[in-house]
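# How does the following fold in three dimensions:
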Amino acid sequence: MKPLKILVVEDEVIVATDIEETLLSLDYQVQKTVATGKAAIEEVERSLPDIILMDIMLKGQMTGIEAARIICQKHNVPIIYLTANADLATIEKAKVSLPYGYIVKPFTDKDLQTNIEIARFKFENDLKHKMESDQFNKFFKIDDSSENELIVESESGLEKVKTENIYYVEQSGGKCIVHLLDEELQIGLTIKEVESQLDEKKFLKVNSDCIINLDKIFIQKLPEIIIADKMTVIIVDENKFERLQALSNK
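Residues are numbered from 1 along each chain as shown. Sure, this is the predicted structure:
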């Protein structure tokens, strides 16, 4: 695994040097050591570190908490606070910026390593959840031409599919299969989640495991319908008959 690049923000030279030596002995990479909040912001703009060790009380007008707030407004990076002050007021101020750790001076090498590894794990986990959430929120989106697009997984990775090209979607084994004319693509969502995102005037969930594109119906002879081109036979639940007929007649 590539060693973490760590930015050290510490205005006490002896402490900063000790931290650098400790980080190197623990096989981390020291990106740089700076003494002010302003210098920290400039360094992050130059090159984004993997983790920032941020002293709360710094030289100059800007505190570490203020610098962290500015950095986090533009960048997604975990910050661990270093401080000699363990009083409640300082902790309350620090909590606002949602740090990934809080180390009270003096600290041991083990304290430093433990906080860094926990911060790394938590940040990667948070990032994973955020990506999953973003993918879900963008599962369907409207582009500039007002056409729905579905983001699906294929052998080549994520790709966009226009919903007008979808024939039907079926749930199988906890996942959904999107059926196009000549291929089938898998998405990691349930049929219920898919249904909530589709245009109810163009798509209908006809049974517990299947959503059809109304424009792709070839023959409708309830309780069966046949999907155009693919000639797939799908059974329609009785309680969907009326809705299906109403939408088909529009």
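
# which stretches of this structure form helices?
Secondary structure of the chain (DSSP state H): helices at 13-25, 37-46, 64-74, 88-95, 109-137, 191-197, 241-248.

# can you redo the ones you listed as a markdown table with mean neighbour count?
In short, each C-beta sits where N, CA and C put it, glycine included. Supplementary listing: the helices of the chain in a markdown table, determined by neighbours: other C-beta atoms under 10 Å:
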| stretch | mean neighbour count |
| --- | --- |
| helix 13-25 | 15 |
| helix 37-46 | 18 |
| helix 64-74 | 19 |
| helix 88-95 | 13 |
| helix 109-137 | 14 |
| helix 191-197 | 16 |
| helix 241-248 | 13 |
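
# a markdown table for those helices, including mean pLDDT?
As requested, these are exported to a markdown table (pLDDT from 0 to 100):
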| stretch | mean pLDDT |
| --- | --- |
| helix 13-25 | 94 |
| helix 37-46 | 94 |
| helix 64-74 | 90 |
| helix 88-95 | 74 |
| helix 109-137 | 79 |
| helix 191-197 | 82 |
| helix 241-248 | 88 |
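
# between the ones you listed, which gets nearest to Met231?
Between Met231 and the helices of the chain, the shortest gap by C-beta to C-beta is with helix 241-248, which sits at 18.2 Å.

# rewinding a little: Serialize the helices of the chain to a markdown table and add fields for distance to Leu181.
Output for the helices of the chain, formatted as a markdown table (distance: least, C-beta to C-beta, whole Å):
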| stretch | distance to Leu181 |
| --- | --- |
| helix 13-25 | 56 |
| helix 37-46 | 48 |
| helix 64-74 | 44 |
| helix 88-95 | 54 |
| helix 109-137 | 25 |
| helix 191-197 | 19 |
| helix 241-248 | 21 |
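
# Of these, which is nearest Val206?
Using C-beta to C-beta, the helices of the chain put helix 241-248 closest to Val206, at 6.5 Å.

# and the closest one, how far from the chain's centre?
38 Å (C-alpha atoms, centre = their mean, to the nearest Å).

# so what secondary structure elements neighbour it?
Contacts defined by 3 or more C-beta pairs under 8 Å, 6 or more residues apart in numbering; DSSP states H and E place helix 241-248 against strand 203-207, strand 217-221.

# let's see it at 7 Å
Where contact means 3 or more C-beta pairs under 7 Å, 6 or more residues apart in numbering; DSSP states H and E, helix 241-248 is packed against strand 203-207.

# Which of the residues in the strand it packs on are classified as buried?
Neighbour counts over strand 203-207 (16 or more other C-beta atoms under 10 Å) mark Phe203, Leu204, Lys205, Val206, Asn207 as buried.

# residue furthest from the geometric center of this structure?
Lys221 (44.1 Å; C-alpha atoms, centre = their mean).

# Against Glu21, how distant is it?
Distance of Lys221 to Glu21, given as C-beta to C-beta, to the nearest Å: 79 Å.

# ok, now Ile6?
Look at Ile6 and Glu21: by C-beta to C-beta, they are 13 Å apart.

# for Ser172, same thing?
56 Å.

# Next: Asn76.
29 Å.

# And Ile103, by the same measure?
16 Å.

# Thr33 now?
11 Å.

# Go ahead and confirm Ile211 touches Gln171.
No - Ile211 is beyond contact range of Gln171, at 8.8 Å (criterion: C-beta atoms under 7 Å).

# what residues are shared contacts of these two?
Ile191 (C-beta atoms under 7 Å, 6 or more residues apart in numbering).

# care to break the chain down by domain?
5-136, 140-248 (automatic domain parsing).

# how far is the longest one from where the chain is centred?
With C-alpha atoms, centre = their mean as the basis, the distance from the averaged C-alpha position of domain 5-136 to the chain average is 22 Å.

# just stretch 233-241 next, same as before
37 Å.

# Restricting to C-alpha, output that stretch in PDB.
These are the backbone C-alpha positions of stretch 233-241, laid out as PDB (Å, rounded to 0.1, in the frame of the first residue of the first chain):
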ATOM      1  CA  VAL A 233     -43.900 -12.900 -22.100                       C
ATOM      2  CA  ILE A 234     -44.600 -11.100 -18.800                       C
ATOM      3  CA  ILE A 235     -47.500 -11.900 -16.400                       C
ATOM      4  CA  VAL A 236     -49.400  -8.900 -15.100                       C
ATOM      5  CA  ASP A 237     -50.900  -8.900 -11.600                       C
ATOM      6  CA  GLU A 238     -54.700  -8.500 -11.600                       C
ATOM      7  CA  ASN A 239     -54.600  -5.400  -9.500                       C
ATOM      8  CA  LYS A 240     -52.500  -3.700 -12.300                       C
ATOM      9  CA  PHE A 241     -54.900  -4.400 -15.100                       C
END
